[in-house]
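>>> Pasting the sequence and the predicted model now:
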Amino acid sequence: MGRRKEETEEEEESEYVYEYEEETVSDSAESDRAKKDRKNKKDDKKKDKKDKKDKETKERRKDRADERSRSRDRDRGSKGRDRSRGSRGRSRRRRSRSRTRDEDRVPSPTYSTEDATPRGEFRQITVATAKPKIRPRPMQDLWRRLQHLGQSKPKKGSGKGRHGARRKELRQEMKESQRKRQKRAHGKEVEETRQRLRLKLLERQLSRGPGASPGELRRQLLVEAAQLQSKNGRPKVALQWLQEALDLQPDDTEFHVRTSLLCLYMDRAMAEEAASLLKGPLFTSIHDASASAESGDGGSAAETTARKAHEAKTAGCYSIALLSYISVHVLMEHKKPKAQKEAAQRLLERLRKAHAQNPFIAEFLAFAPAFEPTFPFGCELPEYEATAEEALLLEALSYCCQWGVRGQAPVWLDTDDNVRRFLRETLFEGDEDAAPLAPLPEPQPQEAQVLQRWRRAREEAMQLWAAEMSQDAGLTGAEEALEEELDFTDDDVLND
């Protein structure tokens, strides 16, 4: 009995376990099926949404294509109307115009407003009160605008209008202008053309490099090209070429570079470079070089070298005097009284030395308003003459009106407003015993033109000198009277 009871209990337990396993399996299968169903539903919704979107996109593209085709047909009709001529063209234009009017007409509410085809049917519109479009007639509008100009409509079949006649007139005028004889250049224009062509040739030769020409030949080309560039108002390029020429021959035995280089430095306000050049061996040993040149064999080459040495010495004396004047009276670099006094004394010595080297330069600078109308800055000068007086005059005019870009006189006058008064009071009004101006040779019937012009300019300079002295005296008297009035106070009246 006991054994049978145990077997029945085991059977019941196995049945319970089997039923439990069946229930768990069925529950898991149902949950998997539900998940698959939910996923399928989501996929179906996405697919439906995508299909709907693609369908709308296709419809929009179709509508756009239909609209483009309609507009293309209308454009073709309008172009055909513009090109039409004669009765057939007019009838074709009427038919196309009526067709476009039918297309643009607004349908009544009773008509169908479904999607229309490009030709014939009515188009779908959104506003029921739209007005039909009225297209302009280009040719008629053009002739209507030209009526106020007095132009008549051309005949049919004639392609020429007022523009064709105007072109014919212009063509005739051009032919007549070409038949006229061209004017030839004379005088200054010819010289400028020669200088420009010569400069182009020099630039072409210099662009080939140092190997194309020896050192001496290249130096001569550089000096000549630099002189032409300075005349044309290009000092920067001229400075570069002069420095290269000086590098090829540092001694500058023929005095071709140092004077031009110094004047260009002063013209471009390069005070440090000019001071270093003046303190260098090119200008410190210039006295010995000029003396050896003057004691030569007396040939033309020796005379030219002596003249250029004298020019270099003159340029150096006046340039260092100008730098000293700028340091003392313009920049006021010296702060202590002793240093100021020494600098002022050094300025006077340098200025008197420059005046002794060439007094005509100081005369031109002190009375520049009187000399400038007769000898303008940048003017052309004749060649040097044989006499010493004419040579000094030409040297003075070259320094004041030619050396550099437009001469060194503008460099002096641009320092400040008192430079002319300082030169006049220091050099021409200080010594009462000596003659203020350098003497000129006696006038002769056939003297040089430079001397004649200088005499006329000196007469005007004397008038200017008298006017400035009277003006300075008037100012001095007014200042003294003002000081006396300030000293005379009410206390003085009471004391009296």
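Yes, it's here.
>>> Can you show me the helices along the stretch 351-496 of the chain?
359-366, 368-371, 388-401, 409-413, 419-423, 449-487, 490-495 (DSSP state H, counting those that start in this stretch).
>>> Reformat those helices as TSV; add mean neighbour count, distance to Lys49 and mean pLDDT.
Every C-beta, even on glycine, is put in place using the N, C-alpha and C of the backbone. Below are the helices of the stretch 351-496 of the chain laid out as TSV (neighbours: other C-beta atoms under 10 Å; distance: least, C-beta to C-beta, whole Å; pLDDT from 0 to 100):
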stretch	mean neighbour count	distance to Lys49	mean pLDDT
helix 359-366	24	97	95
helix 368-371	20	96	94
helix 388-401	20	94	88
helix 409-413	20	88	94
helix 419-423	18	94	94
helix 449-487	12	101	78
helix 490-495	8	109	43
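>>> Turn those into a markdown table, including distance to Asp44.
Listed next are the helices of the stretch 351-496 of the chain as a markdown table, based on distance: least, C-beta to C-beta, whole Å:
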| stretch | distance to Asp44 |
| --- | --- |
| helix 359-366 | 106 |
| helix 368-371 | 104 |
| helix 388-401 | 102 |
| helix 409-413 | 96 |
| helix 419-423 | 102 |
| helix 449-487 | 110 |
| helix 490-495 | 117 |
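>>> now for the ones you listed, which one comes closest to Lys279?
Of all these, helix 409-413 sits nearest to Lys279, with 19.3 Å by C-beta to C-beta.
>>> Residues touching that closest one, excluding its own?
Residues outside helix 409-413 that contact it (C-beta atoms under 8 Å, 6 or more residues apart in numbering): 266-267, 322, 364-365, 368, 372, 377, 399-401, 404, 419-420.
>>> Now with 10 Å, please.
263, 266-269, 318-319, 321-322, 325, 361, 364-366, 368-369, 371-372, 375, 377-378, 396-397, 399-401, 403-405, 419-420, 423 (C-beta atoms under 10 Å, 6 or more residues apart in numbering).
>>> Looking at the helices of the stretch 351-496 of the chain, spot the one closest to Gln205.
helix 388-401 (27.3 Å).
>>> so what secondary structure elements neighbour that closest one?
In terms of contacts (3 or more C-beta pairs under 10 Å, 6 or more residues apart in numbering; DSSP states H and E), helix 388-401 is packed against helix 258-267, helix 300-325, helix 359-366, helix 368-371, helix 409-413, helix 449-487.
>>> For the third one, which helices and strands make contact with it?
Helices and strands touching helix 359-366, as assessed by 3+ C-beta pairs under 10 Å, 6+ apart, comprise helix 300-325, helix 337-357, helix 368-371, helix 388-401, helix 409-413, helix 419-423, helix 449-487.
>>> In CSV: these, plus distance to Lys55.
Formatted as CSV, these follow (distance: least, C-beta to C-beta, whole Å):
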stretch, distance to Lys55
helix 300-325, 93
helix 337-357, 99
helix 368-371, 95
helix 388-401, 93
helix 409-413, 87
helix 419-423, 95
helix 449-487, 102
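>>> Can you say which of these is nearest to Asp37?
Comparing these by C-beta to C-beta, helix 409-413 comes nearest, at 103.3 Å.
>>> okay, and for the stretch 1-150 of the chain, where does confidence drop off?
Filtered on pLDDT under 70, the stretch 1-150 of the chain yields the residue ranges 1-29, 77-150.
>>> Apart from its neighbours in sequence, what residue is nearest Pro376?
Leaving aside its chain neighbours, Pro376 sits nearest to Cys401 (7.1 Å; criterion: C-beta to C-beta, 6 or more residues apart in numbering).
>>> Ignore what I typed, I meant Leu228.
Leu228 sits nearest to Leu199 (C-beta to C-beta, 6+ apart), 4.7 Å away.
>>> So which other helices or strands are in contact with whatever helix or strand the one you found lives in?
Using DSSP states H and E, the element containing Leu199 is helix 188-206. Helix 188-206 sits against helix 215-231, helix 235-248, with contacts defined as 3+ C-beta pairs under 10 Å, 6+ apart.
>>> Any chance of a markdown table for these, columns mean pLDDT and mean neighbour count?
Formatted as a markdown table, the helices and strands packed on helix 188-206 follow (pLDDT from 0 to 100; neighbours: other C-beta atoms under 10 Å):
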| stretch | mean pLDDT | mean neighbour count |
| --- | --- | --- |
| helix 215-231 | 88 | 19 |
| helix 235-248 | 91 | 18 |
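>>> Let me have these in a markdown table, adding distance to Ser207 as columns.
Below are the helices and strands packed on helix 188-206 laid out as a markdown table (distance: least, C-beta to C-beta, whole Å):
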| stretch | distance to Ser207 |
| --- | --- |
| helix 215-231 | 11 |
| helix 235-248 | 12 |
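>>> So which of these is nearest Lys46?
helix 235-248 (76.8 Å).
>>> From one end of stretch 329-337 to the other, what's the distance?
Terminal residues of stretch 329-337 lie 14 Å apart, using C-alpha to C-alpha, to the nearest Å.
>>> pLDDT on it, on average?
Here stretch 329-337 scores 90 as its mean pLDDT.
>>> how about it: buried residues?
Residues of stretch 329-337 classed as buried by neighbour count (16 or more other C-beta atoms under 10 Å): His329.
>>> contacting residues around it?
With contact meaning C-beta under 10 Å, 6+ apart, stretch 329-337 is reached by 271, 325-328, 339-344, 347, 415-416, 418-419, 422.
>>> what about Ala275, which helix or strand?
Following DSSP H and E, one finds Ala275 within helix 271-279.
>>> Show the secondary-structure elements that that helix is packed against.
Helix 271-279 sits against helix 235-248, helix 258-267, helix 300-325, with contacts defined as 3+ C-beta pairs under 10 Å, 6+ apart.
>>> now the angle from it to helix 258-267?
Here the directions of helix 271-279 and helix 258-267 differ by 150 degrees (axes from the mean of the first three to the mean of the last three C-alpha atoms, to 10 degrees).
>>> Can I get helix 271-279 in CSV, CA atoms only?
Extracted in CSV, the C-alpha atoms of helix 271-279 (Å, rounded to 0.1, in the frame of the first residue of the first chain):
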residue,chain,number,x,y,z
ALA,A,271,69.3,113.1,-43.0
GLU,A,272,71.1,110.2,-41.4
GLU,A,273,72.3,108.8,-44.7
ALA,A,274,73.3,112.2,-45.9
ALA,A,275,75.3,112.9,-42.7
SER,A,276,77.1,109.5,-42.9
LEU,A,277,78.0,110.3,-46.5
LEU,A,278,79.3,113.7,-45.6
LYS,A,279,81.4,112.3,-42.8
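>>> circling back: in the helix holding Leu199, which residues are buried?
Residues of helix 188-206 classed as buried by neighbour count (16+ other C-beta under 10 Å): Leu199, Leu202, Leu206.
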